[in-house]
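Asker: With the sequence up front, the predicted model follows.
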Amino acid sequence: MSRDEECRHIMSRLLATLARRAAAPSPPRPTASAAVTARGPCGRAYTGTVIRARAASREENDINVGEAAATFVPGTHALSDVASTTLAAMLDARTLGRVTLTGAAKDAEYRRVEFRAVTIRGATALQRTRYDARQAFTSNHAYDGGSSGENANDGKDSKLSSTSSAQEAIEEALGSGYKHWRVERASGAWSVTVNVKKQRATVSRDKTMRLIDGEAKTSVVIGPQSHDREKARLLDGSDPFLKHVGVAAADGSIKTSKRDKYKQVEEFLKILDHAYDDATGAGHMVRGSTARPLRMVDLGCGNAYLTFGAYTLLANKRDVPTHVIGVDIKRQAREHNTAVAVELGWDDCMCFVEGSIAKADVKFVKGNDDAAADIVLALHACDTATDEAIVRTVRWSSPLALIAPCCHHDLQVRLKNASIIAFPPITRHGILSERFGDVLTDSFRAHILRLLGYRVEVMEFVGGEHTPRNTLIRAIRTGSPASKSAWEEYDAMRETWGVTPWLADALADELNEARADVFPNSNV
């Protein structure tokens with residue numbers, strides 16, 4: 001007998017046995033289908049779906065299916081019976097935790113398959129995640145016989161998820177030759193070891209998952225899990241200032257034309273939220289109290305989206321007493337933002353000043369010029385205006401600065417006029433020269449802050465689809481002197497490119513003093 005003939009013979013015997021059981025005169029119970037796969041010595045799979053009426057006799061079935069048709073019994077049983085019981089267990093979304101299939105055949109397309117029940121738009125569905133060697137493919141299948149919507153990460157699953165029900169997805173997986181099944185339910189966890197060739201399966205209880213007052217000790221969640229997750233937001237359309245500044249509509253939805261601006265402010269505030277905790281937790285900044293409110297300044301505030309957002313975060317959401325000053329060179333901005341603050345009832349804690357970033361009169365306490373800012377914000381101040389914001393940060397000794405630069409024209413000009421062209425291929429092409437100038441400018445800014453006692457991080461604060469100017473300099477003042485190697489790196493940057501940035505000229509006195517602390521015998 002050839003191998004192919006032997007495989008067909010095994011399959012025909014299996015189907016004949018199941019047909020005899022189905023024809024037994026015992027009263028029929030609810031039917032269930034199970035995909036059965038036989039593999040002969042040739043390794044080829046022969047799969048068929050068997051639908052039968054369950055007999056009442058435990059001896060006839062080798063397994064007690066119980067009233068719910070999903071009761072596992074430890075021991076070795078017919079694979080078709082274990083598959084049917086597993087199918088019934090997975091179709092009960094209320095008690096299902098997670099089902100994992102591993103031990104795939106060598107030629108299997110997916111090495112691992114996982115199932116769990118989820119709730120999507122109010123409907124319960126079975127979510128299947130299949131893993132190949134590189135990535136995961138997720139699809140959702142309705143329990144009522146239709147698809148609950150395709151949610152695959154790749155088009156590889158789109159056809160199946162658009163046509164297959166939960167039962168069909170389960171049958172396809174159980175019939176794919178996986179050797180190890182783990183079924184986690186409200187009643188406990190079960191392990192199934194499959195012998196495909198002999199069409200037998202060994203069931204054992206996993207004692208590591210126990211129930212106490214109906215709750216499992218493991219992290220497995222029982223029952224449908226909500227898949228309609230709301231993104232964690234620091235701001236939403238219900239925040240009153242968003243309507244006053246024109247970002248949100250009357251119904252609280254974010255206006256289409258303002259979504260990029262809203263996203264920029266939202267992501268900026270997430271960084272502010274963490275930075276506040278870092279600075280106060282390390283003792284570098286006061287937390288703010290009624291007696292001594294936190295002082296924050298927004299330099300180049302424009303329409304004050306960020307100004308109002310930062311105040312909302314700290315004062316309203318985190319209950320930190322905060323005073324805020326917004327600075328902008330435009331009179332219209334000062335008048336508009338002041339009116340919004342009055343309408344919101346925040347004018348006792350917020351004020352707006354007309355003037356340049358470098359020269360605006362910023363006073364948190366009348367008659368006290370030493371009452372400097374604790375937090376300095378600057379979002380997209382153009383060219384050297386960003387440097388002016390850094391200068392004020394340093395001279396105030398502000399504990400925290402969050403600065404997102406905009407254009408970088410000044411250093412571009414200095415590079416063109418430099419007597420040294422270190423790497424001509426970088427500056428030969430206009431677009432490369434411009435982008436390099438941006439990088440070099442922000443590198444100098446971050447390093448100078450580091451030399452002057454700040455711990456500095458440069459990061460992307462929002463995706464490039466929202467703004468191309470998405471670099472953020474986060475600086476926390478620690479007061480620690482810079483190392484000699486940091487100064488040597490700074491000197492090497494200037495010598496290599498033959499330029500000194502505008503910021504270094506503006507902070508020349510502060511840099512010389514800091515250098516003298518590290519190099520006492522220096523003549524500089």
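Answerer: On my side now, so go ahead. Numbering: from 1, shown residues only.

Asker: hey, let's count contacts and neighbours off CA atoms from now on
Answerer: Noted.

Asker: now E266: how far from L440?
Answerer: E266 sits at a distance of 27 Å from L440 (criterion: CA to CA, to the nearest Å).

Asker: Between the two, which has more neighbouring residues?
Answerer: The neighbour count for E266 versus L440, taken as other CA atoms under 10 Å, is higher for E266 (21 against 18).

Asker: residues touching that one, list them.
Answerer: E266 sits next to R233, L234, L235 when contact means CA atoms under 8 Å, 6 or more residues apart in numbering.

Asker: Nearest to T119, out of those residues: which one, please.
Answerer: Nearest to T119 among these is R233, at 21.8 Å by CA to CA.

Asker: how about low-confidence regions in the stretch 101-250 of the chain?
Answerer: Residues of the stretch 101-250 of the chain meeting the criterion pLDDT under 70: 145-163, 207-221, 226-232.

Asker: 80 instead, please
Answerer: By pLDDT under 80, the low-scoring segments of the stretch 101-250 of the chain are 121-122, 144-163, 206-233.

Asker: Give the bridge partners for the closest residue to A173 other than its chain neighbours, please.
Answerer: With CA to CA, 6 or more residues apart in numbering as the criterion, A173 has its nearest non-adjacent residue at 7.5 Å, and that residue is V113. Bridge pairing for V113 (DSSP bridges) gives the partners L101, R130.

Asker: how's this structure carved up into domains?
Answerer: 60-226, 240-518 (automatic domain parsing).

Asker: re earlier: what about the residue nearest to A173, how many neighbours?
Answerer: V113 has 22 nearby residues by other CA under 10 Å.

Asker: again, but for I431
Answerer: Neighbours around I431, by other CA under 10 Å: 11.

Asker: Which phi and psi values does it adopt?
Answerer: Torsion angles at I431 (phi, psi; degrees, to the nearest 10) stand at phi -70, psi -40.

Asker: N140 now?
Answerer: The phi/psi pair for N140 (degrees, to the nearest 10) reads phi -120, psi 140.

Asker: Contact partners for the closest residue to it other than its chain neighbours?
Answerer: Leaving aside its chain neighbours, N140 sits nearest to Q127 (4.4 Å; criterion: CA to CA, 6+ apart). If a contact means CA under 8 Å, 6+ apart, then Q127 has F115, R116, A117, V118, T138, S139, N140, H141 as its contacts.

Asker: So the first one belongs to a helix, correct?
Answerer: No: F115 sits outside any helix when classified using DSSP: H, G, I helix; E, B strand; the rest coil, being strand.

Asker: Could you report the neighbour count for it?
Answerer: 25.

Asker: list the contacts for it?
Answerer: F115 neighbours (CA under 8 Å, 6+ apart): R98, V99, T100, L126, Q127, R128, T129.

Asker: how about V327, secondary structure?
Answerer: Per three-state DSSP, V327 ends up strand.

Asker: any idea how far it is from G355?
Answerer: Relative to G355, and taking CA to CA, V327 is found at 7 Å.

Asker: same deal with V183?
Answerer: From V183 to G355 the distance is 67 Å (CA to CA).

Asker: Compare these two and say which is more crowded by neighbours.
Answerer: Between V183 and G355, counted using other CA under 10 Å, V183 has the larger neighbour count: 22 against 18.

Asker: Apart from its neighbours in sequence, what residue is nearest the more buried one?
Answerer: Ranked by CA to CA, 6+ apart and with sequence neighbours excluded, the top spatial neighbour of V183 is V99, at 4.6 Å.

Asker: Could you give the backbone dihedrals for the one you found?
Answerer: phi -120, psi 130.

Asker: which residues touch it?
Answerer: M90, E114, F115, R116, W181, R182, V183, E184.

Asker: Turn those residues into TSV, including distance to V320.
Answerer: Listed next are the contacts of V99 as TSV, based on distance: CA to CA, whole Å:
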residue	distance to V320
M90	50
E114	45
F115	45
R116	42
W181	52
R182	49
V183	49
E184	46
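
Asker: neighbour-wise, which of the contacts of Q127 leads?
Answerer: A117 (32 neighbours).

Asker: Identify the residues contacting it.
Answerer: A117 touches A93, L96, G97, R98, T124, A125, L126, Q127, G223, P224, Q225, counting by CA under 8 Å, 6+ apart.

Asker: follow-up on the earlier one: farthest pair in the contacts of V99?
Answerer: R116 and W181 (13.7 Å).

Asker: Which one (most neighbours) among the contacts of F115?
Answerer: Highest neighbour count within these, by other CA under 10 Å: L126, with 28 neighbours.

Asker: one step back: which single one of the contacts of F115 is nearest to P405?
Answerer: Taking the contacts of F115 together and measuring to P405 by CA to CA, the closest member is T129, at 42.3 Å.

Asker: what separates that closest one from R116, distance-wise?
Answerer: For T129 relative to R116 (CA to CA), the value is 9 Å.

Asker: Likewise for G188?
Answerer: From G188 to R116 the distance is 15 Å (CA to CA).

Asker: what does T100 give?
Answerer: In terms of CA to CA, T100 sits 9 Å off from R116.

Asker: Likewise for L377?
Answerer: Distance from L377 to R116, by CA to CA: 45 Å.

Asker: hey, where'd the strands end up in the stretch 51-200 of the chain?
Answerer: 75-78, 96-102, 112-120, 123-131, 136-142, 180-185, 188-195, 200-206 (DSSP state E, counting those that start in this stretch).

Asker: Show me where the stretch 401-524 of the chain dips below the pLDDT cut-off.
Answerer: 462-469, 521-524.

Asker: where does F364 fall, phi/psi-wise?
Answerer: Per degrees, to the nearest 10, the backbone of F364 is at phi -80, psi -30.

Asker: Y178 too?
Answerer: Per degrees, to the nearest 10, the backbone of Y178 is at phi -70, psi 140.

Asker: What are the buried residues along stretch 331-348?
Answerer: Applying a neighbour-count criterion of 16 or more other CA atoms under 10 Å, one finds A333, R334, N337, T338, A339, V340, A341, W346, D347 buried in stretch 331-348.

Asker: can you pull the contacts of S419?
Answerer: S419 is in contact with G498, counting by CA under 8 Å, 6+ apart.

Asker: quick one: A315 and P321 touch, right?
Answerer: Yes: between A315 and P321 there is a contact under CA atoms under 8 Å: 5.5 Å.

Asker: quick revisit: between the contacts of Q127, which is closest to N195?
Answerer: F115 (21.5 Å).

Asker: Would you mind measuring from that closest one to S84?
Answerer: Applying CA to CA, the value for F115 to S84 is 16 Å.

Asker: What of L269?
Answerer: As judged by CA to CA, L269 and S84 stand 53 Å apart.

Asker: Could you do D144 as well?
Answerer: 18 Å.

Asker: Which one's more surrounded, these two?
Answerer: Taking other CA under 10 Å, D144 and S84 do not tie; S84 has more neighbours (26 against 13).

Asker: Do you know the pLDDT at that one?
Answerer: pLDDT for S84: 91.

Asker: residues near the residue nearest to V458 when sequence neighbours are not counted, how many?
Answerer: In space, and not counting its chain neighbours, V458 is closest to I473: 4.6 Å by CA to CA, 6+ apart. Residues contacting I473 under the criterion other CA under 10 Å number 21.

Asker: Check the secondary structure at I473 for me.
Answerer: I473 ends up strand, using three-state DSSP.

Asker: That one reaches Y454, doesn't it?
Answerer: No: between I473 and Y454 there is no contact under CA under 8 Å: 11.1 Å.
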